[in-house]
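Enquirer: predicted model follows, preceded by the sequence.
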Amino acid sequence: MTKGELRNALLSYAFCVRELNLYLDTHPDDCEALEEFRKCRSEFLRLKDEYVACGGTWTVTDSGCGDRWDWIDSPWPWEYREEE
Amino acid sequence: MWNYEKTLQYPVKIKNTNPAMAKVIISQFGGPDGELGASMRYLSQRYSQPSDQVKGILNDIGTEELGHLEMVGAIVHQLTRCLSEEEIKKSGFDTYFVDHGLGVYLQSAAGTPWTAAGIASKGDPIADLTEDMAAEQKARVTYDNILILCDDPDVKDVIRFLRQREIVHFQRFGEALNLTQEKLNAKNIYAVNPSMKLKK
């Protein structure tokens, strides 16, 4: 996958994790949903590791792997960019 | 404690600026039924809840609303990121521009600065959750109104996502209210029992 494709996949799984999070808050004993959450979480974490490995940033703790503090680098999420 | 993910929950890519539209959409940033109000309402209500499910859902929806606040801010920013003097004057954006330039400020479309006057935290699970369901509907209606006023497909796409989230949140709060009422009913005949709060 390209970095852009990875990012899109990551966004999708982040959303699944969140959606299941909210559902489980009011249905904590739903075992099927819990299993689904675990699957989404595992895929999310796998994709995040891949994304970070090819230079992507997600959270502060993913940063600082190179020779400078890249956390501050543009683009920030609210900025308009033509490509992708 | 909040951590930050360096992403928007859903992408905002607005090719064309439109300050008149920004002036309308800003109501979901700092207006009475906007995302900041939603977040602060739910995060404030957490503290007095007796039930873990309700603490959880208020915590987590309150957190998601901060992400939505960020998305609305991004829309307003992108709609006004580079404007000509003529665009500013013709669009009615001049009354905002004089005080805030191209900055993003927490206000309603009518210009009222954000206020906690529009949100409630009553310390009572029934009142709070009912308020929250109303809040999600009010936000949904505001997004409906924005969709009526807006022509730009880049903007409409994001607004539809945000609107859909309000509907899901309404569903979750409804479930939380049912859970609360069931618990109260198990010990009492009535759904509302103020003395429940005083027992140890």
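Expert: Everything's here; your move.

Enquirer: where in the chain is pLDDT low?
Expert: All of this is about chain A. For chain A, the stretches flagged by pLDDT under 70 are A:83-84.

Enquirer: sorry, I should have been clearer: chain B.
Expert: Applying pLDDT under 70 to chain B flags the ranges B:185-200.

Enquirer: what residue is smack in the middle of it?
Expert: Centroid check for chain B by CA atoms, centre = their mean gives B:E35 as the closest residue, at 2.1 Å.

Enquirer: show me what from chain A comes close to chain B.
Expert: With CB under 8 Å from any CB of the partner chain as the criterion, chain A comes near chain B at residues A:7, A:11, A:14-15, A:18-19, A:21-23, A:25-28, A:57-60, A:71, A:76-78, A:80-81. Just so you know, the C-beta spots here come from the backbone N, C-alpha and C atoms, and that holds for glycine as well.

Enquirer: buried subset of the residues you listed as a ChimeraX selection?
Expert: The ChimeraX selection below is limited to those of the residues of chain A next to chain B classed as buried (16 or more other CB atoms under 10 Å in any protein chain shown):
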select /A:7,11,14,18,19,21,22,23,25,26,27,57,58,77,78,80
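
Enquirer: the residue nearest to the centre of chain B touches B:E65, doesn't it?
Expert: Yes: if you go by CB atoms under 8 Å, B:E35 and B:E65 touch, sitting 5.1 Å apart.

Enquirer: residue 42 is in what secondary structure piece?
Expert: No chain in the question, so chain A it is. A:S42 belongs to helix A:31-53 when assigned by DSSP states H and E.

Enquirer: oops, wrong one, chain B.
Expert: Assigned by DSSP H and E, B:Y42 falls in helix B:35-45.

Enquirer: between whichever helix or strand comes after that helix and helix B:35-45, how many degrees?
Expert: Tracing the chain C-terminally past helix B:35-45 and defining elements by DSSP H and E, one meets helix B:52-79 next. Interaxial angle, helix B:52-79 versus helix B:35-45 (axes from the mean of the first three to the mean of the last three CA atoms, to 10 degrees): 160 degrees.

Enquirer: please identify the buried residues of helix B:52-79?
Expert: B:53-79.

Enquirer: in what helix or strand does A:Y13 lie?
Expert: With secondary structure defined by DSSP H and E, A:Y13 is part of helix A:3-26.
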